[in-house]
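1. Provided below are the primary sequence and the corresponding predicted coordinates.
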Amino acid sequence: MLLSLIVFLPLAGAVLVLLAGGRGDQPERAPLVRNLALLTSLATFAATLYLWWRFDPASAAFQFEEKHAWIPEFGIQYYIGVDGISLLLIVLTGFLTPIALLSSWESVQRGVKSFSFFILALESAMLGVFVSVDLFLFYIFWDAMLIPMYFLIGIWGYERRIYAAVKFILYTMAGSVLMLIAIIALAVAHNSATGSPSFNLLDLYSLNLGDTFQWYAFLAFALAFAIKVPLFPFHTWLPDAHVEAPTAGSIILAGVLLKMGTYGLLRFAFPLFPQAAMHFAPYIATLAVIGIIYGALVAMVQPDMKKLVAYSSVSHLGVVVLGLCAMNVQGVQGSVMQMLNHGISTGGLFMIVGMLSDRRHTRLISEYGGLKAVTPKLVAAFLIITLASIALPFTNGFVGEFLIFVGAFRWSPKLTAFAATGVILSAVYMLWMFQRVNYGPIRNEHNRTLPDLTPREWAMTAPIVALAIFMGVYPNLFLKPMEASVNRVIERVNRHQPAQVQTTPAAAERGVKVSVP
């Protein structure tokens, strides 16, 4: 019952928030609503840490499984479980939700009850995505998370919020429909092979699918996940959604929602259709490398801090996809690690930009300058999160990128060489932005009286800064739990590949060729 508790505790809290808020919008009840929502999110985070403590890192199987018949006529079950790949993403979701709520403490003054409800409902849906083993259940959670985010952007966003919210939901649903068709096709294929339909991921792994079926089904899954990542050229919804979303929405969108695309590729698309996956992997990796360079170049010329960070996500998540396409231990472990890192560092950047926007009501870089003399504590936190974002050694970003590039180089040296330019470009646009905002003379008189970090902002900033450093110094604490599960996925994908004739060093001396699966 632990997983069900983690998934549905935020939803129960969301219902309590509605009851505590009373009818209509009652501002006098806003403090009660905010505190109740925060306590619910903290309790959920504590439950995810307990899950991590009880998790067995030596096992590659799903743990804490819960399986109940739901719609047995169609082989649909309430089947949830957690392995090393999903474990830390669950913890990340629990960690970022209280920070998102704290970021809106003062900036969201209208509709506090509804805002808190949607944040908590969104957390339940995101957690459901990461624990679903039944594909039908996964799809329900996958689509359910669109609704709260749509309202968060559309109601509490900025000037073009309706346009951004509609674009977000249309893009995601377009890919989701194709994925649903592929999921149904898999259940039908299982029925043809065994006489009974099933949406159980473990059952579907055992199917012997033909090449044509694999190709079309893989492309349907891959398109849905590529849009969510977002992978170039399906990225155009992301800058609009980030720029128009409230700070809390941007933190969750960057920190968790985008990871569902890369998680989906690793959990479903690659292991379900291994032959098709490895056939298309070079093409997907090429799009990822284009996205790395394109996202970095576009970020470099952005006048808006929030839009700059949004385009940096396109670049950074391209690196994650490259590591997945390599499908070796270093590449995949680096990708999962980088999913966590990106959630911490980019979520932190959106948090900092939100703090500055709340103070000055503008995100334009040209409106700032000289903040180091006015808000030194905020600038110090800004600096550490920026350095983590550009993967400085001894920060969390370095570990993930290093592993990805090691794994990718073993797979495709040429693509890796092009992708590595993104590291340089990332340092250019991030440090240039940081320098223009925080150094030099104070060009705008409004900046002279800006307050430094408040106690509430310290509560948001300190955990992110601490994690950015801790994950860089002690990466094995995060790499160890995923190792067995990553190896299992890689073994499954590579087991279905045609044997390659290779020459081992020992055999080469004797002129002998050996077949390696």
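-> Cool, got the structure.
2. Ala69 should be in a strand, yeah?
-> Yes. According to DSSP: H, G, I helix; E, B strand; the rest coil, Ala69 belongs to a strand.
3. Ala468 is in contact with Ile344, correct?
-> Yes. Contact criterion CB atoms under 8 Å: Ile344 and Ala468 qualify, at 5.8 Å. Placement of C-beta: from N, CA and C, glycine included.
4. For those two, list the residues in contact with both.
-> Common contacts of Ile344 and Ala468, defined by CB atoms under 8 Å, 6 or more residues apart in numbering, comprise 388, 396.
5. Extract the CA atoms of stretch 362-374 and return them as PDB.
-> This file holds the C-alpha atoms of stretch 362-374, laid out as PDB (Å, rounded to 0.1, in the frame of the first residue of the first chain):
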ATOM      1  CA  THR A 362      10.200  42.100 -15.300                       C
ATOM      2  CA  ARG A 363      12.400  39.300 -16.700                       C
ATOM      3  CA  LEU A 364      14.400  41.300 -19.200                       C
ATOM      4  CA  ILE A 365      18.100  41.000 -18.700                       C
ATOM      5  CA  SER A 366      18.600  44.600 -19.700                       C
ATOM      6  CA  GLU A 367      16.600  45.700 -16.700                       C
ATOM      7  CA  TYR A 368      19.100  44.300 -14.300                       C
ATOM      8  CA  GLY A 369      22.800  44.700 -13.500                       C
ATOM      9  CA  GLY A 370      24.800  45.200 -10.400                       C
ATOM     10  CA  LEU A 371      22.700  42.900  -8.200                       C
ATOM     11  CA  LYS A 372      25.800  41.500  -6.400                       C
ATOM     12  CA  ALA A 373      26.100  44.700  -4.400                       C
ATOM     13  CA  VAL A 374      22.400  44.700  -3.500                       C
END
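6. list the buried ones in that stretch?
-> 363, 365, 367-372, 374 (16 or more other CB atoms under 10 Å).
7. which residues are in contact with that stretch?
-> In contact with stretch 362-374 (CB under 8 Å, 6+ apart) are residues 303-308, 353, 356-357, 360, 378-379, 433, 436-444, 447-450, 452.
8. The top helix by length along the chain: what's the following helix or strand?
-> Using DSSP state H to define each element, the chain has its longest helix at helix 161-194. Using DSSP states H and E, the next helix or strand after helix 161-194 towards the C-terminus is helix 201-205.
9. by contact count, what packs against that next one?
-> Counting contacts by 3 or more CB pairs under 8 Å, 6 or more residues apart in numbering; DSSP states H and E, helix 201-205 packs against helix 161-194, helix 270-272.
10. Could you export the ones you listed as JSON lines, including mean neighbour count and distance to Glu244?
-> Shown next, in JSON lines, are these (neighbours: other CB atoms under 10 Å; distance: least, CB to CB, whole Å):
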{"stretch": "helix 161-194", "mean neighbour count": "18", "distance to Glu244": "4"}
{"stretch": "helix 270-272", "mean neighbour count": "23", "distance to Glu244": "33"}
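11. could I get these as CSV with mean pLDDT?
-> CSV is the format used below for the helices and strands packed on helix 201-205 (pLDDT from 0 to 100):
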stretch, mean pLDDT
helix 161-194, 90
helix 270-272, 92
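12. The protein: strands as residue ranges?
-> Using DSSP state E, the strands found in the chain span residues 63-71, 76-82, 500-502, 514-516.
13. who wins for proximity to Gly75 among the helices and strands packed on helix 201-205?
-> Gly75 lies closest, by CB to CB, to one member of the helices and strands packed on helix 201-205: helix 161-194, at 6.2 Å.
14. contacting residues for the spatially closest residue to Leu349 that is not a sequence neighbour?
-> Using CB to CB, 6 or more residues apart in numbering and skipping residues adjacent in sequence, the residue nearest Leu349 is Val309, 4.8 Å away. The contact partners of Val309, by CB under 8 Å, 6+ apart, come to 242, 254, 299, 346, 349-350, 353.
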